[in-house]
Each structure stands twice: as C-alpha cells, then as structure tokens.
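Engineer: heads up, no residue letters with this:
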C-alpha cells in the first residue's frame, strides 16, 4: 500500500475540492490509502470519504492562507494542515504529501521539515507541459529559484532526469537547456557555464544532454526535459495555461455564432474534443518538489476536483516508482561534477555572476 498525506485545507477552495478528489482517487487506486489532514469538523460533511477504510484523519488546527507570508506559515502556524501533512512524510507515516496551498509556504516548510538531499543546494519545482508529440515535456525550475547558478541548473537536470526515468521508464531522457538560441556562444555567462557543465555530465554518462533549446521547443517536444531558472520557468508555465484557456474559449465562441458554424462543429466535434483534451492543463496538475528528503507534490491552487485527483495520482506514481531513491542515486553519481576540484579547465575563464 502507498500512503499519501493530503493537505485537505489548502488551495483556493479547500475541502470542497480536495475531498471529492480523494474519493475519486481511492476508487481508481485500490492499493492506496490516504491520511486526511485538516480540521476534524470539516470531515463530518463527507461521510463517503471519512468512512472509507483506507482513510484516516490526522487533525490540524490551523490553515496556511494563500496570501500568508512565508514567515507566518513557517514560524507561527506550526500546526497547519500543510505542515502536519509534510510531517507525516518525515515520520515515515506517508510516502508522499500533496497540497494545493501557498507555493512559497509549501517549499519553505517542506525544506525546513524534510531538509535537502546531500549534494542539492536548492530544491526545484518540476511539472509537465503538453507538447505536439502527444506527450508532455518536463520543465524545471518553475518558480522556487529565481536566481540560479550554473551548478544549480546542473542539479535540476539530474533531478529532472530521475523524475522522467521513474515516471516513464526511459533511463536516459533527453535534457535541453533553455536559451535565447541554440548556439553555445549565446546566452548569459551563467547559461554558458551551465552548458559546459551539462556537456561534461553527458561525457561522463550522467546525463543525455541534447544541447541548447529555445522556448518553442518546450511545446514541440524536442527534449524530454527542459532546464531553466525559476523566473523563466514560471512565466512559461503561466503563458501555456493562459494560451490553452484562450484557444478553448475562442473555439467555443466561434462555433456558437451562427447555425452553419454550429453544424460544422457537430462534424468536427471528435477532433475538437481531442484537441481540447490535449490542451487541458488539469491533466498535468501536480508539480514535484525535487531535491528534498521526502516526496512533496504541489497542486495548482485553483485546481478543481479532477485536477487535484491528477496531483494525487502523480504523487502515488512517484512513490510507487521509488522516485526519491532514483534522485538520490543520480545525484550521488553526479556529485563529483560540481565539486571545485573536478570542474573542467574551460570554466576557469568564465566569471560566476
């Protein structure tokens, strides 16, 4: 059995979304059990979840608000549902925790409670974006680290490779470094240095490095993984979600204008439905917080029950496929690459910003 601790109070809606999602998840995952973390009185309105033999309530008296400063969440709300859920992972009661709460607070609490893996300076947020190949591209970091060094980007690449390998079974997923052009001479000094580190890692067999890629390659599916700093990654994520919503909205508006377009929509419905399904960002909900000594997944704060169920599924798959062990092993193998004494000589002439 895989046990997941669920912050049932987090997100824009809270229990009205998380608890129906938990019920649906349990119905489709017979080998899963859930620790429902939150205020006990909330669960009385959901007997279908509360009475499930694979559920157990873990009380928490406080809730981290979506606009709470990180300091408040970390230092003042020590019995929040978010923190208690993560503590279940720390205590070994659960293999993963899932929350739709405040991203900054979740990262800070997870890092404080679980600590980072040896060899990791900063955890990263990784998620999937749909691509033209019919699959998804894993992108990291998505906002945990606005300013990154070249060494951080190397760590992200190694962790992202572990995530994709655990999820897909492909042991050598391709890695692209997001840049303003494909040429190695382009980009900031940090990007140039990261490129050297990633090529060096490819030469030692630690990564399957494709090279520099541009923004449109994310959606083309040029590589399995795209590495960037958190500022760029978060902008790309929000832009993709906005574009998907806009396309679906335009389709709906155009086919409602007159009878001829409505008739055309009837015949085109299977194609349009498939297109909408592929763009539906809810299917990709559930971002992994990589680099911690435990599995934590972040759901979108505005997720509905279907989207939150997907986040639960991603946490379940990660635990089942031993993602944490995979990340730890790959980082241990690649660790010498980022130690000062082992850096390639060509890095000596490149300043660190």
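Structural biologist: In hand now; what should we look at? This is a predicted model, so every value here is computed, not measured. Numbering: from 1, shown residues only.
Engineer: Distance of residue 27 relative to residue 296?
Structural biologist: Distance, residue 27 to residue 296, using Cβ to Cβ, to the nearest Å: 24 Å. C-betas here are computed from N, CA, C, even on glycine.
Engineer: and these two? which has more neighbours close in?
Structural biologist: The residue with the greater number of neighbours, taking residue 27 and residue 296 and applying other Cβ atoms under 10 Å, is residue 296; the counts read 30 against 10.
Engineer: Next, that one: phi, psi?
Structural biologist: As for residue 296, its main-chain torsions (degrees, to the nearest 10) stand at phi -130, psi 130.
Engineer: Contact partners for it?
Structural biologist: Residue 296 makes contact with 86, 89, 96-99, 106, 110, 114, 288-289, according to Cβ atoms under 8 Å, 6 or more residues apart in numbering.
Engineer: From these, pick the one nearest residue 50.
Structural biologist: residue 98 (18.3 Å; Cβ to Cβ).
Engineer: what about that closest one, helix or strand, and which?
Structural biologist: Assigned by DSSP states H and E, residue 98 belongs to strand 96-99.
Engineer: Give me the buried positions along the next helix or strand after that strand.
Structural biologist: Beyond strand 96-99 in the direction of the C-terminus, DSSP H and E gives the next helix or strand as helix 103-114. Within helix 103-114, the residues that qualify as buried by neighbour count (16 or more other Cβ atoms under 10 Å) are 103-111, 113-114.
Engineer: With pLDDT and distance to residue 128 added, can I get these in a markdown table?
Structural biologist: Listed next are those as a markdown table, based on pLDDT from 0 to 100; distance: Cβ to Cβ, whole Å:
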| residue | pLDDT | distance to residue 128 |
| --- | --- | --- |
| 103 | 93 | 17 |
| 104 | 93 | 22 |
| 105 | 95 | 23 |
| 106 | 96 | 19 |
| 107 | 95 | 19 |
| 108 | 95 | 24 |
| 109 | 97 | 24 |
| 110 | 97 | 20 |
| 111 | 96 | 23 |
| 113 | 97 | 26 |
| 114 | 97 | 23 |
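Engineer: Next up, the contacts around the most centrally placed residue in the chain.
Structural biologist: The structure's the chain has its C-alpha centroid closest to residue 287; by Cα atoms, centre = their mean the separation is 1.7 Å. Contact partners of residue 287, counting by Cβ under 8 Å, 6+ apart, are 125-127, 142, 297-299.
Engineer: if you set the cut-off to 10 Å instead, what comes out?
Structural biologist: For residue 287, the set of contacting residues under the criterion of Cβ atoms under 10 Å, 6 or more residues apart in numbering consists of 103, 106, 124-128, 138-140, 142-144, 237, 296-300, 311, 314.
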